[in-house]
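# Dropping the sequence and predicted coords here.
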Amino acid sequence: MYLKSILHMGSLMLHFRNGATLVERMRAGQPCDVAVLWDGTQLTHPAGREGLLEALQEIWLERVYTGGFYRPSDGDVIVDAGANVGIFSIFMARQNRRCRVVALEPFAENFRYLQNNITRAGLRNVTCCETALGAAFGEAQMQAVGTRSLDHVLTASSPELRAASLELEARASQPGTVAVIPLSGLFELASADEIDFLKVDIEGSERDVFAAASPDVLRRIHRIAMEYHDCIVPGTLDLLRTLLAPSHEIMVRPSKTEGSGILFARRRL
């Protein structure tokens, strides 16, 4: 763990102009509102909320969604579901400016920062949508939970998720209505027949989203990297494995937080 922390600190200094400040905040356990890449690009984050340093470490340094699994090629279509303030979308779009990224972020505060970060980065291959993934087309409420920008939740659409989310909703505030689309709606949104890479981090809603998707829809997605949350809805991982197994090869990487991790799925040829 100590060696890992040292590597993270070194990587922050290597990639970010204000790396010394990021390291200082990380060591002190304090939130950080801005990271500045060496080319001057600013990645900003809601003031006072935690989450930016965690996202930078997981996405930019550890590459938890993509390392050894995916790198964008010319013409690829990437969907970032649960884009937060755009760290993953920017990371992917900068790797190959001839790919297209569709960034979905349903929480209004995060979405404002997402738009600003994409604009400042000068990335014309990223489209931002204030939209949530769910079981069906419609609208739902977003709820702010806790002090991190990463933990906001969509009002549950299934009895199972509603029951599992009672504790989260009891701590929630700032409700807001947002448009919801199912997995099948991504293709029209992205103007694509197939999706080359789908990253999903939607705080427990992944169960509803994939349970409602047909096998034909799942086959139109080449690669998936999804954070699963058995800690919110027990049985989610087993269900995802069952749904994806007919069409995809699956690998699971548990995280240090019990009941969560990353599920990787690659479509069979």
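Received it, and whenever you're ready, just let me know what you need.
# remind me which residues of the chain are low pLDDT?
1-8, 146, 149-151, 156-176 (pLDDT under 70).
# how much space between Ala28 and Ala103?
From Ala28 over to Ala103 the distance is 30 Å, taken as C-beta to C-beta, to the nearest Å. The C-beta positions use only the backbone N, C-alpha and C, and glycine is treated the same way.
# higher neighbour count, those two?
Using other C-beta atoms under 10 Å as the criterion, Ala28 and Ala103 rank with Ala103 on top: 31 against 9.
# tally of neighbours for the closest residue in space to Ala20 that isn't next to it in sequence?
Sequence neighbours aside, Met13 is the residue nearest to Ala20 in space, at 6.7 Å (criterion: C-beta to C-beta, 6 or more residues apart in numbering). The tally of other residues near Met13 (other C-beta under 10 Å) stands at 14.
# Check whether Met13 sits in a helix, strand or coil.
helix (DSSP: H, G, I helix; E, B strand; the rest coil).
# start at 45 instead
Renumbered: residue one is now 45, and that last one reads Met57.
# residue contacts, it?
With contact set as C-beta atoms under 8 Å, 6 or more residues apart in numbering, Met57 has these partners: Gly63, Ala64, Val67.
# May I see the buried residues of the helix or strand hosting the second one?
Element membership of Ala64 [criterion: DSSP states H and E] is helix 63-72. By neighbour count with 16 or more other C-beta atoms under 10 Å, helix 63-72 contains the buried residues Gly63, Leu66, Val67, Arg69, Met70.
# List the contacts of Ile265.
Glu238, Ile239, Leu242, Ala309, Arg311.
# change it to 10 Å
Applying C-beta atoms under 10 Å, 6 or more residues apart in numbering to Ile265 gives the contacts 121, 123, 227, 230-231, 238-242, 257, 288, 291-292, 309, 311.
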